[in-house]
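Visitor: Sequence plus predicted model, see below.
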Amino acid sequence: MKMLNTIIRKIKRIMANRSHESRLRYLNKLGCVVGKGTRFMNFPEMCEPYLVEIGEDCAFSTHVHFITHDGGVKVLNTLGFFGNKKMDKMARIKIGNNCMVGTNCFIHGGVTIGNNCIIGACSVVTKDIPDGMVAAGIPAKVICTIEEYYEKNLSKGNFYDTTGMNSREKREYLSKHVK
């Protein structure tokens, strides 16, 4: 019976990963609060989705992990710190509006990411990130403001208007213009 339940969960997850809309419906059904316009490139890793709140118009790249628990409490339990009880260590995650989280990021419990933030690829977010910041690294640290990010990339000529182009047109355009 346990194996059958595991197979059913995996099938549900595969079906939920078919589109942005199906991912959002499935996450909402699991208790995750997700704002309008938020998109996931693939299904995120969440053990306790009911402890995660995500704002509107966010974008999540592939392989983003939401870690709401801390397994280190196992050692405390084994050493008897809680008497005869076995405790869990849990904390919520909150992400504001208009945030971008890069591929392979880990966001730990107890963290709040403010509005209008960018989290660089492969970052491990263990502390709060204020509104309007770009953060990256292991552990993630604020590296600049959104305005500084804009100015830096504008001066390097890194922005390209590909709005409305199909994939062939975009490839052709970017192949000629990206430095």
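Guide: Nice, thanks for sending it over. Numbering: from 1, shown residues only.

Visitor: mind checking the SS state of L154?
Guide: helix (DSSP: H, G, I helix; E, B strand; the rest coil).

Visitor: where's it relative to G137, distance?
Guide: Computed as Cβ to Cβ, to the nearest Å, the L154 to G137 distance reads 23 Å. (C-beta placed from N, C-alpha, C; glycine too.)

Visitor: the more surrounded of the two?
Guide: G137 (14 against 10; other Cβ atoms under 10 Å).

Visitor: how many neighbours does K36 have?
Guide: Neighbours of K36 (other Cβ under 10 Å): 9.

Visitor: ok, it to C144 distance?
Guide: 28 Å.

Visitor: got it, and F81?
Guide: Applying Cβ to Cβ to F81 and C144 gives a distance of 41 Å.

Visitor: Compare these two and say which one has the larger neighbour count.
Guide: A direct count of neighbours by other Cβ under 10 Å for F81 and C144 places C144 higher, at 15 against 11.

Visitor: quick one, strands of the chain?
Guide: 33-34, 39-40, 45-46, 52-54, 59-60, 65-67, 93-95, 100-101, 106-108, 112-113, 118-119, 124-125, 133-136, 141-145 (DSSP state E).

Visitor: how about the last one as PDB, C-alpha atoms only?
Guide: In other words, strand 141-145. In PDB, the C-alpha atoms belonging to strand 141-145 read as follows (Å, rounded to 0.1, in the frame of the first residue of the first chain):
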ATOM      1  CA  LYS A 141      24.500  38.200   0.400                       C
ATOM      2  CA  VAL A 142      23.200  41.400  -0.900                       C
ATOM      3  CA  ILE A 143      25.500  42.500  -3.800                       C
ATOM      4  CA  CYS A 144      23.700  45.600  -5.100                       C
ATOM      5  CA  THR A 145      20.400  47.400  -5.400                       C
END
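
Visitor: That strand pairs with which strands?
Guide: strand 133-136 (antiparallel) (DSSP bridges).

Visitor: Enumerate the positions of the strand it pairs with that are buried.
Guide: M133, V134, A135, A136 (16 or more other Cβ atoms under 10 Å).

Visitor: Can I get these in TSV including pLDDT and distance to E148?
Guide: Listed next are those as TSV, based on pLDDT from 0 to 100; distance: Cβ to Cβ, whole Å:
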residue	pLDDT	distance to E148
M133	98	10
V134	98	8
A135	98	13
A136	98	13
